[in-house]
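Asks: Turn this into a model:
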Amino acid sequence: MNSEKLTELAQQLRVDSVRVADTAGSGHPTSSMSAADLMADLLANHLRYDFDRPDDPGNDRLIFSKGHASPLLYSMYLAAGAIDEKEFLTYRTLGSRLEGHPTPRLPWVDVATGSLGQGLPVGVGMALAGQRLGPAPYRVWVLSGDSEMAEGSIWEAIEHAGDQHLDSLTLVIDVNRLGQRGPTRHQRDLDAYGRRLRAFDWHTIEIDGHDMDAVDAAFNEARSTAGRPTAIIAGTRKGRGVASVEDREGMHGKPLPDAESAIEELGGRRSIRVRVAKPAELDTPARGGGRVATIELPRYDVGDSVATRDAYGAALAALGTARGDVVVLDGEVSDSTRTEAFAKEHPERFFECYIAEQQMVAAAVGMQAMGHVPYASTFAAFLTRAHDFIRMAAVSRASVNLVGSHAGVAIGQDGPSQMGLEDLAMFRAVHGSTVLHPCDANQTASLVATMHELSGVRYLRTLRGKTPVIYGPDEQFPVGGSKVLRHSDADRATLIAAGTTVHECLEAADLLAQEGIAVRVVDLYSVKPADERTLQAAASDTDCLVTVEDHHPQGGIGDAVAEVFSDGRPAPKRLVRLAVGNMPGSATPEEELRASGIDAESIAAGLRLLVAQVIR
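Replies: Residues are numbered from 1 along each chain as shown. Coordinates of the predicted model:
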């Protein structure tokens, strides 16, 4: 499409952005208008996409990191014939696929955006998948706002893309000068962005984003640049084309005051339809494929002592041998998380993300969008740094496996900065998540394989220290289940635990049994969803439940158990929570457990008190 027609298309995109926001009574038309020339040229001349086949592995990927510019994206879909006028006008209404910020409710949207600073990191993951796991000659186009260039996650992505020479990745920065409340940090100093990007080995092109010939030349240059990612730094004007709002503060996130006159000023409505070029045919049948074979999981003998993180690493390597779609990412702690076992056996599918947890999780989200099954690992404590990416992964309907090692005070001398004590709460709060906390090696190996077949955000919590193997290698551990490890008709209370505290509870139960006090012990390895039937039976039989967890009292196992009885079903007379209520220091694992009151002796002491004073 030539410059004259592209200019008309850009005006159409502006008009449609104005009128759809006006119909909805909300939205961000001015942020859409600034980038209309850029996106008109991309749609008509450079994007390779089959809207009838959104799963085509050759399709380019287009991510609106500035997701608030959704009126522009949906106007592009309208111009491409992917949606019709009737659906277009449902923008921001109940049940519409055209949400205020894009989500994968639309088949052409790979990931949800709207939380700024996330689109580029996800795009890096997609580009990595194409470069390392191909063949996939698609390009990744990311439209970013200038405000979000202040986000640290953007610079994690920029550094990683430069280091990995991701020449299939193009970042388009819409430098329109104005953020939500006023000017951005660098306003229209295009070279301020360029200097920083070039320092990370990016190829940069600085242009007037409203000069259609310059825009088209920049896209051509980006497509022909090899060995480096490209950033098109485009100077634009917010609200372009309507004098009453163009480059004016106070118009962010608002429909135009007079949409009818604005549309007239923009030249009126148009009905241009764009025939978007389709991708070349690929020999590969589908994204993410790979071999499928019987999984030969590691097997451990009952009575052995094995760290669950060791079992995780061995199981992951075995899973990778049987499933060619498995990819593994790590945050420069693979020797601790034990993903190094996978890296040694499947180096082509291992991705070192260094100490950049936001980028690691984002890359996993990008890779799963391309059909791969990612397992991303770091210390449980450090996953909290990526919480917003995890939250948005759920909004993206993403299927990712996240694994946190070194959980709880049981890690010992490293102290509280390294102790994951909030992770269960964080992951339980994520929509549709699955939260698993195994206590021994065979249980861990089984759950690693199970996670591969699940959907949504899955979290596995592993342990630094060795724990006794208490389950045989053929034991089954369904999600939503539990294991009753001690049981009798004379049980006076039920101990409920997961991970390290399972073994402390078993020891406490043995101590109490010597005194004639029978207690039930439940291994609640599936923290979410929890085994409601077993917990309800325990409440009915013993009338006293005691949860024991190496985690803060809020949001973990205690809350998971309490929620089972929150809908009016018969609850136990007593629900006692033993958890890490203190601020730990540095000490041996045994000393840490004792100081937090979750070692066997403390558990037994608490049960003696309950039996003596409460239970009749």
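Asks: On the three-state scheme, M76 is what?
Replies: Classification of M76 using DSSP: H, G, I helix; E, B strand; the rest coil returns helix.
Asks: Next, count neighbours for it.
Replies: Using other C-beta atoms under 10 Å, M76 has 29 neighbouring residues. (C-beta placed from N, C-alpha, C; glycine too.)
Asks: how many neighbours does the nearest residue to it once chain neighbours are set aside have?
Replies: Take M76 and drop its neighbours on the chain: the residue closest to it by C-beta to C-beta, 6 or more residues apart in numbering is L43, 5.2 Å away. Residues lying near L43 (other C-beta under 10 Å) number 24.
Asks: mind listing the strands in the stretch 201-350 of the chain by residue range?
Replies: For the stretch 201-350 of the chain, the strands defined by DSSP state E, counting those that start in this stretch occupy 203-208, 230-235, 305-307, 326-330, 350-352.
Asks: if we can go back for a sec, can you confirm the residue nearest to M76 is in a strand?
Replies: No: looking at L43 with three-state DSSP, it is helix, so not inside a strand.
Asks: Who are the contact partners of it?
Replies: Taking C-beta atoms under 8 Å, 6 or more residues apart in numbering, we find L43 in contact with L9, M76, A79, A80, V274, V276.
Asks: go with 7 Å
Replies: For L43, the contact set (C-beta atoms under 7 Å, 6 or more residues apart in numbering) comprises M76, A79, A80, V274, V276.
Asks: helices and strands of this protein: which one has the lowest mean pLDDT?
Replies: helix 600-613 (a mean of 91; mean pLDDT, DSSP states H and E).
Asks: Helix, strand, or coil at V435?
Replies: Three-state assignment for V435 (three-state DSSP): strand.
Asks: Is it in contact with A530, as I believe?
Replies: No: with contacts counted by C-beta atoms under 7 Å, V435 stays clear of A530, the gap being 9.2 Å.
Asks: give me the beta-bridge partners of V546?
Replies: Under DSSP bridges, the beta-bridge partners of V546 are L495, V576.
Asks: which strands and helices sit next to the least confident helix or strand of the chain?
Replies: strand 493-497, helix 500-513, strand 544-548, strand 574-578 (3 or more C-beta pairs under 7 Å, 6 or more residues apart in numbering; DSSP states H and E).
Asks: Nearest to R594, out of these?
Replies: The closest of the helices and strands packed on helix 600-613 to R594 is helix 500-513. By C-beta to C-beta, the value is 10.0 Å.
Asks: what about dumping the CA coordinates of the closest one to CSV?
Replies: Only the C-alpha atoms of helix 500-513 are listed here, as CSV (Å, rounded to 0.1, in the frame of the first residue of the first chain):
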residue,chain,number,x,y,z
THR,A,500,9.0,-30.4,55.7
THR,A,501,6.3,-30.3,58.4
VAL,A,502,4.8,-33.6,57.3
HIS,A,503,7.9,-35.3,58.8
GLU,A,504,7.8,-33.2,61.9
CYS,A,505,4.1,-34.1,62.3
LEU,A,506,4.9,-37.8,61.9
GLU,A,507,7.5,-37.6,64.6
ALA,A,508,5.2,-35.7,66.9
ALA,A,509,2.5,-38.3,66.3
ASP,A,510,4.9,-41.1,67.3
LEU,A,511,5.9,-39.2,70.4
LEU,A,512,2.2,-38.7,71.4
ALA,A,513,1.4,-42.3,70.7
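Asks: neighbouring contacts of that helix?
Replies: 408, 410, 439, 463, 467-468, 485-486, 495, 497, 519, 521, 523, 548-550, 593, 598-600, 603-604, 607.
Asks: Contacts for the longest helix that the chain contains next, please.
Replies: Secondary structure of the chain per DSSP state H: the longest helix is helix 3-24. Under the criterion C-beta under 7 Å, 6+ apart, residues 1, 27, 29, 32-33, 36-37, 39-41, 44, 71-72, 74-76, 78-79, 88-89, 91-92, 212-213, 240-241, 255-256, 259, 262-263, 266-267, 269-270, 272, 274 lie in contact with helix 3-24.
Asks: Of those residues, which belong to helices?
Replies: Short answer: those in helices (DSSP H) are 29, 32-33, 36-37, 39-41, 71-72, 74-76, 78-79, 88, 212-213, 259, 262-263.
Asks: thinking again about what came up before, for S65, see how far away the residue nearest to M76 is.
Replies: To S65, L43 is 17 Å away according to C-beta to C-beta, to the nearest Å.
Asks: In terms of pLDDT, where does G290 sit?
Replies: pLDDT recorded at G290 is 68.
Asks: likewise R223?
Replies: pLDDT recorded at R223 is 97.
Asks: and it, how far is that from Y138?
Replies: Between R223 and Y138 the distance, using C-beta to C-beta, works out to 12 Å.
Asks: Which of those two has more residues huddled nearby?
Replies: Remark: of R223 and Y138, Y138 carries more neighbours, 24 against 13, as counted by other C-beta under 10 Å.
Asks: Isn't the more buried one up against R61?
Replies: Yes: taking contacts as C-beta under 7 Å, Y138 lies within contact range of R61: 6.3 Å.
Asks: follow-up on the earlier one: go through the longest helix of the chain and flag the buried ones.
Replies: Buried residues in helix 3-24, defined by neighbour count with 16 or more other C-beta atoms under 10 Å: 6-7, 9-24.
Asks: and if you look at stretch 319-337?
Replies: Neighbour count says stretch 319-337 has 319-331, 333-334, 336-337 buried, by 16+ other C-beta under 10 Å.
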